[in-house]
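In: pasted the sequence and its predicted model underneath.
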Amino acid sequence: MFRKISSFLLAIAITASLSACNNNNNNNSADALQTSGTEISAEEQQTADQNGLSLSNPNATAEAKALFEYICNTYGSSIISGQQESTWMGSEQYEFDYIYDKTGKYPAIRGLDYMNNDFDGVDRRAEEWFNRGGIVTICWHCGCDFTHSWDECMKTELSDWDKALTEGTEEYEQLLAGMDRGAEALKKLQEKGIPVLWRPFHELDGGWFWWSKGGADNFIKLWKLMYDRYTNYHGLNNLIWVFAYSGNGKNYDKWYPGDEYVDIVGADSYKDGANADLYAKVKDVAGEKVPICFHECGRIPTSEQLKESGAQWVWFMTWHTDYITSGNDAEDLNTIYNDEYVITLDELPPDLYGKK
């Protein structure tokens, strides 16, 4: 269970020399570290300061800080396993039972989705996974009114981007009202001390989802609006903001809102292999400031592919249903999940969130 401890300690020692995870917003203070009944110790704060770790939100909860520090310390030394769930295959554990059956392991990260207005169901499954010691990430397939699901992602669009992004207009108020539905669900997780890798508006530059149809400038305004609304208005301090490009985009820098609005950067690709070229494109934007994740994938790259190519993705997130059951050979899946380079649920630290 503890076979990753040595690499974890090594990563802590070298983090200061790697400037990864060092966002521009470094004004964290001990006064800003209170959370749901938990306060980060002075010793923990000193360690974080020495390692140059900081989230974009200076008021981030202790649990969010602990998770982010773990991810930062893992970056470059291992890859964290992740799996997106489905809920329509006869069991909510469909993908996870399949992986365990083939490998004897569970992924460390569970991917959830607020689509179909399933706020209560997602929050329940997130809490269950957190209580098992796992890591929770949530995306949100929805229409431009923040309701329904994947079809509406593709088929709806804001009728007037200028009005929707201009304070005081009816369209602006409607946009905020839709956003707030997700915020209320995330508040319930914060009350239970659950940090979330929050990944809204994924494949942001792809042009197929409504949030990218207005172009880069409008997307940046939309991202900043949600960030401000969730962080400063709703006080959601349990979020680690994950910014995810598509695998087909160009001019990634034009879509980037700035380090003060982003904690982790990633990209989606369903091409086989390590996707080192995609990793390099993302790193051109992210630099050494934040970890870079393989936000969504089909066939999982092997550790050999990752190491040989230099693609240091900090986690992978396999997509659901056929992508894991048919898109990955069972023997290869077993090899990957039992590889020393891959962190699974049982290998996460028991005190990951500061509680043993």
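Out: Thanks, I have it. From a predicted model like this one, the values you see are computed outputs, not experimental measurements.

In: could you pull out the strands in this structure for me?
Out: For the chain, applying DSSP state E gives strands covering 79-80, 82-84, 109-113, 135-139, 196-198, 239-245, 264-269, 292-297, 316-318, 342-343.

In: report all helices and strands that the second one contacts.
Out: If contacts are counted by 3 or more Cβ pairs under 8 Å, 6 or more residues apart in numbering; DSSP states H and E, strand 82-84 sits against helix 94-103, strand 109-113, strand 316-318. In this view, the C-beta of every residue, glycine as well, is placed from N, C-alpha and C.

In: could you dump these into a markdown table with mean neighbour count, distance to Met154 and mean pLDDT added?
Out: Below are the helices and strands packed on strand 82-84 laid out as a markdown table (neighbours: other Cβ atoms under 10 Å; distance: least, Cβ to Cβ, whole Å; pLDDT from 0 to 100):
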| stretch | mean neighbour count | distance to Met154 | mean pLDDT |
| --- | --- | --- | --- |
| helix 94-103 | 18 | 23 | 98 |
| strand 109-113 | 23 | 15 | 98 |
| strand 316-318 | 25 | 21 | 98 |
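
In: please name whichever of those is nearest to Ile79.
Out: Checking the helices and strands packed on strand 82-84 against Ile79 by Cβ to Cβ gives strand 316-318 as the closest, at 6.1 Å.

In: report the distance from the closest one to the chain centre.
Out: Strand 316-318 sits 11 Å away from the centroid of its parent chain (Cα atoms, centre = their mean, to the nearest Å).

In: Ile80 versus Glu340, what's the distance?
Out: Noted for Glu340: a distance of 13 Å to Ile80, by Cβ to Cβ, to the nearest Å.

In: hmm, I typed the wrong one, I wanted Tyr261.
Out: Distance of Tyr261 to Ile80, given as Cβ to Cβ: 23 Å.

In: show me which positions of stretch 231-248 end up buried.
Out: Neighbour counts over stretch 231-248 (16 or more other Cβ atoms under 10 Å) mark 231, 234, 236-247 as buried.

In: show the average pLDDT along that stretch.
Out: Per-residue pLDDT over stretch 231-248 has a mean of 96.

In: before we move on, what about stretch 186-198?
Out: 98.

In: returning to what we had before: show me which of Tyr261 and Ile80 is the more surrounded one.
Out: Ranked by neighbour count (other Cβ atoms under 10 Å), Tyr261 and Ile80 place Ile80 first, with 27 against 20.

In: what residues does Lys281 make contact with?
Out: Lys281 makes contacts with 245, 252, 267, as judged by Cβ atoms under 8 Å, 6 or more residues apart in numbering.

In: now with 6 Å, please.
Out: For Lys281, the contact set (Cβ atoms under 6 Å, 6 or more residues apart in numbering) comprises Tyr252.

In: the helices in the protein, which residues?
Out: With helices called from DSSP state H, the chain shows them at 5-15, 42-50, 62-74, 94-103, 119-131, 150-155, 161-164, 170-191, 216-228, 276-286, 303-309, 322-325, 330-337.

In: as TSV, those with distance to Leu345 would be great.
Out: As requested, the helices of the chain are exported to TSV (distance: least, Cβ to Cβ, whole Å):
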stretch	distance to Leu345
helix 5-15	16
helix 42-50	24
helix 62-74	14
helix 94-103	9
helix 119-131	9
helix 150-155	27
helix 161-164	41
helix 170-191	19
helix 216-228	30
helix 276-286	25
helix 303-309	18
helix 322-325	15
helix 330-337	10
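
In: minimum distance to Ser86: which of these has it?
Out: Nearest to Ser86 among those is helix 94-103 (5.8 Å), distances taken as Cβ to Cβ.

In: what is the closest one packed up against?
Out: When contacts are defined as 3 or more Cβ pairs under 6 Å, 6 or more residues apart in numbering; DSSP states H and E, helix 94-103 packs onto helix 330-337.

In: what about 10 Å?
Out: When contacts are defined as 3 or more Cβ pairs under 10 Å, 6 or more residues apart in numbering; DSSP states H and E, helix 94-103 packs onto strand 82-84, strand 109-113, helix 322-325, helix 330-337.
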